[in-house]
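> Provided below for reference: sequence and predicted model.
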Amino acid sequence: MHGLDFASLTVFSLVFLLVTVLGFLAARWKRGDLSALDEWGLGGRQFGTLVTWFLVGGDFYTAYTMIAVPALVYGTGAAGFFALPYTIIVYPFVFLTMPRLWSVSQKHGYITPADFVRGRYGNRTLATAVAVTGILAIMPYIALQLAGMATVLAQMGLTGAAVWQRDLPVTIAFLILAFYTYSSGLRAPAMIAIVKDILIYIVVLTLIIVLPIRLGGYAHIFQSATAFWTSHGTTALLILQPKDYSAYASLALGSALAAFMYPHTITTMLSSGSGRVIRKNAVLLPAYTFLLGLIALLGIVGAAAGLQVASPSYVVPELISRFFPASFAGLCFAAIAVAALVPAAIMSIAAANLFTRSIYKEFWNPVATGAQQSRVAKNTSALVKFGALVFFFLLPHTFIINLQLLGGLWILQTFPAIVFGLWKRHFHHHALLAGWAVGMVSGTMMVTSLHMRSSVFAVHLLGRTVALYAGIWGLLLNLLTVSCLSKVCDRWGAPRGKDETLREEYELEEKVPSFAHD
């Protein structure tokens, strides 16, 4: 391991040790019966405004965000900033929808979005489709957190030709994650998220203040970045071009609609103590959008610094190593690594909840007790982490990124069943299932026709070319199918499943008495 940075590695290890201790101690925090799935998988639905804010931020703003957003800006310029309007759009959406989902879930003991779909439409096939889609979308997402962690480990010199040099550090980190997630459930990432977010704010604010001073100010940075892109013959520009407007806007809209369809983000919402807590967080969470804007600027700073990197993913680690002392670099790398652990833990818990409730309990053991469900979820969570490791080690990282492109597209197709169901059961469950299938197939075909190099698909309409995010095209076809087939199903007299929810159950503001779990 030539070039191993012992100073940064020491600081990194100390922070990682602190996080590990917190992960195990979390089992004693807000004590509850961790043999119950509601306690293990949702933290007892008791987190207040501050903890929820840290938990959602820890889940939503990941190591991949720290690495990939600046990398995208470094490679494409202004187009990479679509993540900013996307996060601006998403919080009003959360304000309107998630308190309703929390309320009805609290009343009926729903733990996953598939649970809600099952209860709302009375159809287990549709609920299973939602659950399987969520699990498929989460797996590459967890693998990408591994990729973010591996990037900073390699920057510190933890890399080499041998397997133990290249893969062992990441494997050890994820094994530790698996142990404390198994013992503490959602409480572990909730506690660690507080440390993670504080570290990320310290790191990003330091970078965004010190680097412009070192590089002559932002005016000079923007000029130098433009010169760098021009001299290297790239298409990156500081100003978005009119031909890219539709793609940019549809990526922002599609990403915003998909963000809180992911099982892990819904898990953070359902762990809140009340609908009022969620609304407060929808108001407070835009603070992270400010942070994201600063993170994205690091891509321009990397271009201005003239970085020549093997992959754009190394832009931020290289900036840190080049312009800061080793001890602070270790702190930065530790922050990014912890930013991988928190969402990976929540994602694995969410996937385990989906499997346990919508597959194990629905098809294998309908009379499973709460303790049995919790045990299955814990084991499944560990298997999900192992599966993500296999994904990461055996598949090319470009392929994992492409799968993540598909993951966002896929999870967006669950939007009609979940979101529209929060207000009315207007659509027929057969139509929703057909629309889901149409959206999944059409969107996937669009992306694969582009050889999975992009998720923006151009369609020729009335003599014009309209380029939109493939997920939006898929969702439009999904909604068209749902609207038409719902009328056909009702006209033909196709029976609807039993709705076990009531209108007033969607507007509970405070936590109701504890649900008696089966």
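Received the coordinates, thanks.

> How many residues are close by His426?
By the criterion of other CB atoms under 10 Å, His426 has 12 neighbours. C-beta coordinates here come from the backbone N, C-alpha and C atoms, glycine included.

> now Ile198
Neighbours of Ile198 using other CB under 10 Å come to 12.

> can you check Met452 too?
Counted with other CB under 10 Å, the neighbours of Met452 add up to 16.

> Just want the phi and psi numbers for it.
Met452 adopts backbone torsions of phi 60, psi 30, taken as degrees, to the nearest 10.

> from what I can see Met66 touches Ile295, true?
Yes - applying CB atoms under 8 Å as the test, Met66 and Ile295 come out as touching, 6.2 Å apart.

> and the residue nearest to the spatial centre of the chain, how far is that from Ser327?
Geometric centre of the chain, nearest residue: Phe60, 5.3 Å, by CA atoms, centre = their mean. Phe60 sits 29 Å away from Ser327, going by CB to CB, to the nearest Å.

> now swap in Ile213 and tell me
In terms of CB to CB, Ile213 sits 19 Å off from Ser327.

> Strands of the stretch 251-400 of the chain, start to end?
Ranges of strands within the stretch 251-400 of the chain: none, based on DSSP state E, counting those that start in this stretch.

> In it, where is pLDDT below threshold?
Within the stretch 251-400 of the chain, the segments meeting pLDDT under 70 span 397-400.

> ranges for the helices of it?
With DSSP state H, counting those that start in this stretch as the criterion, the stretch 251-400 of the chain has helices at 263-270, 275-284, 286-304, 315-323, 326-355, 370-394, 397-412.

> who touches the shortest one?
Spelled out, that is helix 263-270. Under the contact criterion CB atoms under 8 Å, 6 or more residues apart in numbering, helix 263-270 has outside partners 41-42, 45, 52, 55-56, 59-60, 94, 98, 101-102, 105-106, 110-113, 134-135, 137-138, 141, 186, 259-260, 278, 343, 346-347, 349-351, 353-354.

> what's the answer for stretch 303-316, then?
Outside stretch 303-316, the residues touching it (CB under 8 Å, 6+ apart) are 66-68, 70-72, 74-75, 147-148, 151, 155, 211, 215, 220-225, 228-229, 236, 298-299, 302, 318-319, 322-323, 336.

> Quick one: buried ones out of those?
66-68, 70-72, 74-75, 147-148, 151, 155, 211, 215, 221-222, 224-225, 228-229, 236, 298-299, 302, 318-319, 323, 336 (16 or more other CB atoms under 10 Å).

> Mind checking which of these are in strands?
When the buried ones among the contacts of stretch 303-316 are checked against strands (DSSP state E), there are no matches.

> what residues are up against Tyr74?
Gly80, Ala236, Gly299, Ile300, Gly302, Ala303, Leu307, Pro312, Val315.

> One more pass at 10 Å, please.
Applying CB atoms under 10 Å, 6 or more residues apart in numbering to Tyr74 gives the contacts 80, 225, 228-229, 234, 236, 296, 298-303, 307, 309, 312-316.

> is it true that Ala225 touches Leu238?
Yes - counting by CB atoms under 10 Å, Leu238 is a contact partner of Ala225 at 6.9 Å.

> joint contacts of those two?
Joint contacts of Ala225 and Leu238 (CB under 10 Å, 6+ apart) are Val73, Gly77, Ile300, Ala303.

> ok, what's across the strand from the second one?
When bridges are called by DSSP bridges, Gly77 pairs up with Leu237.

> Next, count neighbours for it.
For Gly77, the number of neighbouring residues by other CB under 10 Å comes to 23.

> again with the third one
Residue neighbour count, defined by other CB under 10 Å, stands at 27 for Ile300.
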